[in-house]
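Visitor: Sequence and predicted structure, then a few things I'm wondering about:
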Amino acid sequence: MTELIPAPRKVAEGSGEVRLTARSRLYAAPGTERAGHWLTAVLRQSTGLPLREAREPAEARGDGIALLLDPALGPEEYRLTGGDDGVVIEGGDAAGVVHGAQTLRQLLGPDAHRRAPLDPARVWAVPQVTVEDAPRFRWRGLMLDVARHFMPKEGVLHYLDLMAAHKLNVLHFHLSDDQGWRVEIRKYPRLTEVGSWRPRTKFGHRASPLWEEKPHGGYYTQDDIREIVAYAAERHITVVPEIDVPGHSQAAIAAYPELGNTDVVDTASLGVWDDWGISANVLAPTDRTLRFYEGVFEELLELFPSEFVHVGGDECPKEQWRGSPAAQARIAELGLSGEDELQAWFIGHFDTWLSARGRRLIGWDEILEGGLAPGAAVSSWRGYGGGIAAARAGHDVVMCPEQHVYLDYRQAPEEGEPVPIAYVRTLEDVYRFEPVPAELTEAEARHVLGTQANVWTEVMEDQARVDYQVFPRLAAFAEVAWSDLPAPGERDFAGFERRMAVHYRRLDALGVAYRPPSGPLPWQRRPGVLGRPMEGTPPKR
Ligand code: ACM
């Protein structure tokens, strides 16, 4: 009857139901007011019921909703009871109450996810039920790459709603890359004036011979970012910004050519990159570059209150540093063994800089090469190896191995997948992903903060494409991140699919252009030039 996704720890179903009516009131105890505000707004929209505010819990008894805090429950934990007292949601904290409120929405039925009632006369009921629930991981993330293709603010807000509906709580916001810079920095206006637009876009995979000859771009103003961060906070989602350094930086170099290796490249003639892959144009390891990015991060720290700040650190080609007399002089002056240590020095600078400001650095697993400061954390994307090494060295880890949770990878073997890049990762593959590798001891495993799914958008030019790649797989991912699932081989995928039958109706109500279970519709198919499957099968690790 309840078909909840992600699956809760415990559900006990009774036989009756609680009806919400025009008389039903909502009580929000001190500390849960914002949750109450949010829940009232979404339920008024979807049901049309007035859901007037109750000033006393007694006014919500019987046919109302009461939001309460219970200090005996843990962080993000909640208990939802539908019974003679009405609907009571008790959370260990306000986040727990919001998760319970999302469960209530699912219990009310798919149409509780719409923005207006379909039938004003409809009877809204919650089954008699007790749900006891808590997350497995504290970091349940989604990385959105808004650099390769800009996602307008409305889309980001929509994604925050979708994340909250799946009890995900970290948006890793990939704001800069070779192909675009997406956040206003007041001190450096050219980052967005120049860096947020490219003249044309490679159409399809990086080997494709085609370009779409029209400019692409866009960026978030600082007020847009404040709105996004506040909207996320209301849903108990933390936004972790990523500015990718010292590689994946051509858009910044196009805006400020002095950031590049000017002794080996004519950086003044570089534009924002119009190809896919990894640009050879990386930041110069100079004091001027460090000061420039300190200026960027200073403004980011004002905008993003997150404990962690992501500095990228992935895929930095070293050819320019090898050829640059200035970079070589820097290596000699610092007494480093070579370019890899130079990258570690660069990242280490921001590690110290962020720590001094009470924040923690996180980066892709390449940042392990050359040593890391004690507080730094790692996003393990090249399989589990980086994450295992990091956890063993006492660093916190977010597991996001590309073999399992890169949602840009195609989801079926059929020809005609609209984004057929890389190898196949089906819904079931994602459902059987295990974030904590067996080789970690219990103490080491405590360094696994959690997991995130990553969405790189080279071949996703609009939100419909993003939806198609992300859903339904994000529902499976959410269950991996939230629920206490058994070992991968013992997971009940058939049961998950049965619950998905209801969940697809919720996604319909939420307006998600997911991949239908039967495969792409004719309009969703794309010519083969868009993608090129990787050779062979995914590596085990
Ligand atoms: C990555 O996929 N380059 C982190």
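Guide: Here it is on my side, so go on.
Visitor: tell me the secondary structure for L449?
Guide: strand (DSSP: H, G, I helix; E, B strand; the rest coil).
Visitor: State the distance from the nearest residue to it once chain neighbours are set aside to T451.
Guide: Counting by C-beta to C-beta, 6 or more residues apart in numbering, L449 lies nearest to W139, which is 4.1 Å off, once chain neighbours are set aside. Where C-beta positions appear, they are placed from N, C-alpha and C, glycine not excepted. Distance, W139 to T451, by C-beta to C-beta, to the nearest Å: 7 Å.
Visitor: shared neighbours of those two, anything?
Guide: V398 (C-beta atoms under 8 Å, 6 or more residues apart in numbering).
Visitor: so what's the residue in the stretch 1-150 of the chain that the ligand sits nearest to bridging to?
Guide: Residue nearest to the ligand within the stretch 1-150 of the chain: M143 (8.5 Å; C-beta to the nearest ligand atom). When bridges are called by DSSP bridges, M143 pairs up with H172, N454.
Visitor: what's L368 in contact with, if anything?
Guide: By C-beta under 8 Å, 6+ apart, the neighbours of L368 are 378, 386, 389-390, 393, 395.
Visitor: By neighbour count, which of those residues wins?
Guide: Highest neighbour count within these, by other C-beta atoms under 10 Å: V378, with 28 neighbours.
Visitor: what's near enough to touch the residue in the stretch 101-250 of the chain that the ligand sits nearest to?
Guide: Proximity of the stretch 101-250 of the chain to the ligand (C-beta to the nearest ligand atom) peaks at H248, 7.7 Å away. Contact analysis of H248 by C-beta under 8 Å, 6+ apart lists 176-178, 278-279, 312, 314-316.
Visitor: would you turn those into JSON lines with neighbour count, pLDDT and secondary structure?
Guide: Formatted as JSON lines, the contacts of H248 follow (neighbours: other C-beta atoms under 10 Å; pLDDT from 0 to 100; DSSP: H, G, I helix; E, B strand; the rest coil):
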{"residue": "S176", "neighbour count": "26", "pLDDT": "98", "secondary structure": "strand"}
{"residue": "D177", "neighbour count": "29", "pLDDT": "98", "secondary structure": "strand"}
{"residue": "D178", "neighbour count": "29", "pLDDT": "98", "secondary structure": "coil"}
{"residue": "I278", "neighbour count": "18", "pLDDT": "96", "secondary structure": "coil"}
{"residue": "S279", "neighbour count": "20", "pLDDT": "97", "secondary structure": "coil"}
{"residue": "G312", "neighbour count": "25", "pLDDT": "98", "secondary structure": "strand"}
{"residue": "D314", "neighbour count": "16", "pLDDT": "96", "secondary structure": "coil"}
{"residue": "E315", "neighbour count": "16", "pLDDT": "95", "secondary structure": "coil"}
{"residue": "C316", "neighbour count": "25", "pLDDT": "96", "secondary structure": "coil"}
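Visitor: Now narrow the residues you listed to whatever sits close to the ligand.
Guide: Contacts with the ligand within those, counted by C-beta under 6 Å from any ligand atom: 314-315.
Visitor: Give me the phi and psi for the residue of the stretch 101-250 of the chain closest to the ligand.
Guide: Main-chain torsions, H248, degrees, to the nearest 10: phi 50, psi 40.
Visitor: where's the closest residue to it other than its chain neighbours relative to M500, distance?
Guide: In this structure, H248 finds its nearest non-sequential neighbour in D177, 4.8 Å apart by C-beta to C-beta, 6+ apart. Distance of D177 to M500, computed by C-beta to C-beta: 33 Å.
Visitor: Kindly report the same for Q343.
Guide: According to C-beta to C-beta, Q343 and M500 sit 43 Å apart.
Visitor: Please say which of those two ends up with more neighbours.
Guide: Q343 (24 against 21).
Visitor: I'd assumed G370 was in contact with the more buried one.
Guide: Yes: Q343 lies in contact with G370 (C-beta atoms under 8 Å); the separation is 6.4 Å.
Visitor: Now do the contacts for the most centrally placed residue in the chain.
Guide: By C-alpha atoms, centre = their mean, the chain has its centre lying nearest to L142, at 1.7 Å. By C-beta under 8 Å, 6+ apart, the contact list for L142 reads 159, 163, 168, 170-172, 452-455, 470, 474.
Visitor: Low-confidence ranges, the stretch 201-350 of the chain, go.
Guide: In the prediction, the stretch 201-350 of the chain carries no residues with pLDDT under 70.
Visitor: Nearest spatial neighbour of whichever residue of it sits closest to the ligand, chain-adjacent residues omitted?
Guide: Residue nearest to the ligand within the stretch 201-350 of the chain (C-beta to the nearest ligand atom): D314, separated by 4.0 Å. Distance criterion C-beta to C-beta, 6+ apart; nearest residue to D314, sequence neighbours excluded, is W364 at 3.6 Å.
Visitor: mind checking pLDDT for that neighbour?
Guide: Confidence at W364, expressed as pLDDT, is 97.
Visitor: do A412 as well
Guide: pLDDT, A412: 87.
Visitor: Could you tell me whether it really is in a strand?
Guide: No: counting by three-state DSSP, A412 falls outside a strand, being coil.
Visitor: mind exporting stretch 370-377 as CSV, just the C-alpha atoms?
Guide: C-alpha atoms of stretch 370-377 as CSV (Å, rounded to 0.1, in the frame of the first residue of the first chain):
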residue,chain,number,x,y,z
GLY,A,370,51.1,14.3,-3.6
GLY,A,371,49.6,14.4,-0.1
LEU,A,372,46.7,16.1,1.5
ALA,A,373,46.1,18.2,4.6
PRO,A,374,44.3,16.3,7.4
GLY,A,375,40.9,17.9,7.1
ALA,A,376,40.6,17.5,3.3
ALA,A,377,38.1,15.1,1.8
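Visitor: helix/strand/coil for I243?
Guide: strand.
Visitor: For this structure, what lies in contact range of the ligand?
Guide: Residues of the chain found near the ligand (C-beta under 6 Å from any ligand atom) are 314-315, 364, 381.
Visitor: what does stretch 280-298 contact?
Guide: 178, 185, 187-188, 191, 243, 245-247, 249-250, 252-253, 256, 258-262, 265, 267, 270, 273, 309, 316-317, 319-321, 324, 326-327, 330, 342, 345-346, 349-350, 353-354.
Visitor: one more time with 7 Å, if that's ok
Guide: Contact with stretch 280-298 is made by 185, 187-188, 243, 245-247, 249-250, 253, 256, 258-262, 265, 270, 309, 316-317, 319-321, 326-327, 330, 342, 346, 349, 353, as judged by C-beta atoms under 7 Å, 6 or more residues apart in numbering.
Visitor: Among those, name the ones in strands.
Guide: 243, 245, 309 (DSSP state E).
Visitor: Would you list the buried entries among the residues you listed?
Guide: By neighbour count, with 16 or more other C-beta atoms under 10 Å, the ones in strands among the contacts of stretch 280-298 hold 243, 245, 309 as buried.
Visitor: Find out how far stretch 201-210 is from the centre of the chain, if you would.
Guide: Its chain's average C-alpha position is 26 Å from that of stretch 201-210, according to C-alpha atoms, centre = their mean, to the nearest Å.
Visitor: Number the residues from 53 up from this point.
Guide: Taking 53 as the first residue, the last one we looked at is stretch 253-262.
Visitor: Of all the residues in that stretch, which ones are buried?
Guide: Residues of stretch 253-262 classed as buried: 253-257, 260 (neighbour count, 16+ other C-beta under 10 Å).
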